[in-house]
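Asker: Need the 3D shape of this:
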Amino acid sequence: METTAGLTFRDATDADVDTLVALVESAYRGDASRAGWTTEADILEGQRTDPEGVLAVIKSPDSRLLTVEREGQAVACCQLEHRGTYAYFGMFAVSPALQGGGLGKVIIAEAERIARETWGVTEMHMTVISVRNDLVAWYERRGYRRTGQMTPFPYGDERFGVPQRDDLQFELLVKPLV
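Answerer: Down below sits the predicted model:
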C-alpha cells in the first residue's frame, strides 16, 4: 500500500468488485458520467464493465487493479498488466465529481512508477477509442504518443457497450518509461 498526495494506492480485492464496477460505470456511462469530462455517454450506451470483468483482472496473475482511496473512499482505479517489456494501462476511472482537479495526473504518474519499479518495463501501452479527441489529447500531454495502430471495436458484444456510431475503433498509445 502506498500513499501519495493524500491518496492511498492498494491492490483491489474481491470485496472491491461492486464498488469498482460502480466507479467505472459512473465515470463513463449514463447521465452520472456527464458530471465529469471522460463520459462516453454520447458514443456508447450500456455497460462499460461488469463484475466478472473486474474480478478477472483482480485474479489475473499478470495484472494489478489499483484502487485509489481518499479518506477510505474509492475515488479512482486503474489496471496495470505486465506484458513482457511493457505494461498495459486500462480500466482507468476517476470519480466524475473529482475530475478536472489534477487527480488523474497524479494517479497515472504513480501507476507508471509502480509498473516500472514492479516489473522493470520500459513502456506503458493503452488503447483509447480514437474519436475521443479530448481524452487522447489529455494522454498526449502526459507523454503518450499516437501510433496509428488501430483495433476494431467489438461491435455486437454488449459487454463493451452499445455503440451509438459506426466509426469506433481503438488506437494504441505508447509512452516510454525511462
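Asker: Would you map the helices across this structure?
Answerer: All helices of the chain, identified by DSSP state H, fall at 17-28, 51-59, 103-119, 133-141.
Asker: Could I get those helices in a markdown table, plus columns for mean pLDDT?
Answerer: Below are these laid out as a markdown table (pLDDT from 0 to 100):
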| stretch | mean pLDDT |
| --- | --- |
| helix 17-28 | 90 |
| helix 51-59 | 94 |
| helix 103-119 | 96 |
| helix 133-141 | 95 |
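Asker: ok, and which of those helices has the densest surroundings?
Answerer: Highest mean neighbour count among those (mean count of other CB atoms under 10 Å): helix 17-28, with a mean of 20. Glycine gets a C-beta too; all of them are placed from N, C-alpha and C.
Asker: other SSEs contacting it?
Answerer: With contacts taken as 3 or more CB pairs under 8 Å, 6 or more residues apart in numbering; DSSP states H and E, helix 17-28 sits against helix 51-59, strand 73-83, strand 86-94.
Asker: looking at the ones you listed, which is closest to residue 177?
Answerer: Of all the helices and strands packed on helix 17-28, it is strand 86-94 that lies closest to residue 177, at 7.9 Å by CB to CB.
Asker: and the residue lying closest to residue 65 once chain neighbours are set aside, how many neighbours does it have?
Answerer: Spatial nearest neighbour of residue 65, chain neighbours left out: residue 12 (4.0 Å); criterion: CB to CB, 6 or more residues apart in numbering. Residues near residue 12, counting by other CB atoms under 10 Å, number 22.
Asker: Per-residue pLDDT of the residue positioned nearest the centre of the chain, please?
Answerer: With distances taken as CA atoms, centre = their mean, residue 92 lies nearest the centre of the chain, 1.7 Å away. pLDDT, residue 92: 96.
Asker: how much space between the closest residue to it other than its chain neighbours and residue 43?
Answerer: In space, and not counting its chain neighbours, residue 92 is closest to residue 78: 4.4 Å by CB to CB, 6+ apart. Using CB to CB, to the nearest Å, residue 78 is found at 21 Å from residue 43.
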